[in-house]
Each structure stands twice: as structure tokens, then as C-alpha cells.
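J.: sharing a sequence plus its predicted fold:
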Amino acid sequence: MAVDQLDTRILRLLLEQPRTSMREYARILGVARGTLQARVDRMERDGVITGVQPSLSPAALGHPVLAFVHIETTQGHLGDVGDELAGVPEIIEAYSTTGGGDLLARVAARDAEHLEDVIQQLNRLPGVVRTRTEVALRERVPHRLLPLVEAIGKAAGHARG
């Protein structure tokens, strides 16, 4: 779905001020509330906006160790292993990938021993051949979407001009 400059401005506000009301967003943007709501509804329908939930910190929840676990699976078992990963609460997210492994899981743990327990649990899953773990030392670029949204909006403006 293509977003235009107004969509970009809306997305920026949603990212920067997530607790603001639609009425206030409309006032800030200088558009009718109905226009704003129609735009937001369209972006939700098109999958641009995928949710409105708080951002939580695993570290503040007592899980400060962050690791990325590459998981190699036996041929034909990728889907089964992926389904099993959903049952491991310490896995924050997982993706099928190309390269050295079949899956990449982001794992939050209480400490090194807990991380080892989680990795051993993963290694025991049917269809898992081996794992390789990388522990994150320090976050260098936090999860962000605003620079991407702004670049898309800028490109939309240039395409019109």
C-alpha cells in the first residue's frame, strides 16, 4: 500500500504520541476528524498499522539477557518447529531465515543459566538439529520505524512533485 505525506504525518503522530486522542490528532494535523479516522482505518485494513499495544521492556520485567538463537531444523520440519517455538514463553519473536540456520529466535532470559536452560529446551524439540546462540551486549539502535516512515513520506512527496 502506498502512503502519502498526510499518512506519514499521521503515522509520525501515532508513533510519537501514542496516547493522544483522535480528536487531538486531527487538531494537530489540521484535518477533519472523519478524514483522520478514515485514513487510520484504511491503514489498519491494509496492514500498515498492526496494533495499538504498549511497548514492554523484558529487562524491566526481570529478563535482562537478550540473545538471538539460530535454529537449524531437519528438512521438512520447519513449520513444526516454528509451531513449537510459540510454546516457549522466553521467545519474544522468531523468523524463518536464509543463511546458516532455518529459524532465528529472539530470546529474553533472567540470566546466563536461564538462557542455557531455554537453549537446552530448544535443542530437545523434535526436528531441531542444532542451535547457535549470540548474546546481545548492548542495544545500539532501538526498535524504530519513524525514520522508515519519514523516508517513505519523503519519497511520496518527490513522486508527486
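T.: Received the coordinates, thanks.
J.: output the contacting helices and strands for the longest helix belonging to the chain.
T.: The longest helix of the chain (DSSP state H) is helix 146-160. When contacts are defined as 3 or more CB pairs under 8 Å, 6 or more residues apart in numbering; DSSP states H and E, helix 146-160 packs onto helix 5-16. From N, CA and C alone the C-beta is placed, and that goes for glycine too.
J.: report the buried residues of the helix it packs on.
T.: Asp7, Thr8, Arg9, Ile10, Leu11, Arg12, Leu13, Leu14 (16 or more other CB atoms under 10 Å).
J.: mind listing what the last one touches?
T.: Remark: with contacts taken as CB atoms under 8 Å, 6 or more residues apart in numbering, Leu14 is in contact with Tyr25, Val40, Ile49.
J.: so which strand or helix has Ala19?
T.: For residue 19 the amino acid is Arg, not Ala. Assigned by DSSP states H and E, Arg19 falls within no helix or strand.
J.: ok, it - how many residues close by?
T.: For Arg19, the count of nearby residues is 7 (other CB atoms under 10 Å).
J.: please apply the same query to the one 10 residues further on.
T.: Leu29 has 17 neighbours, counted by other CB under 10 Å.
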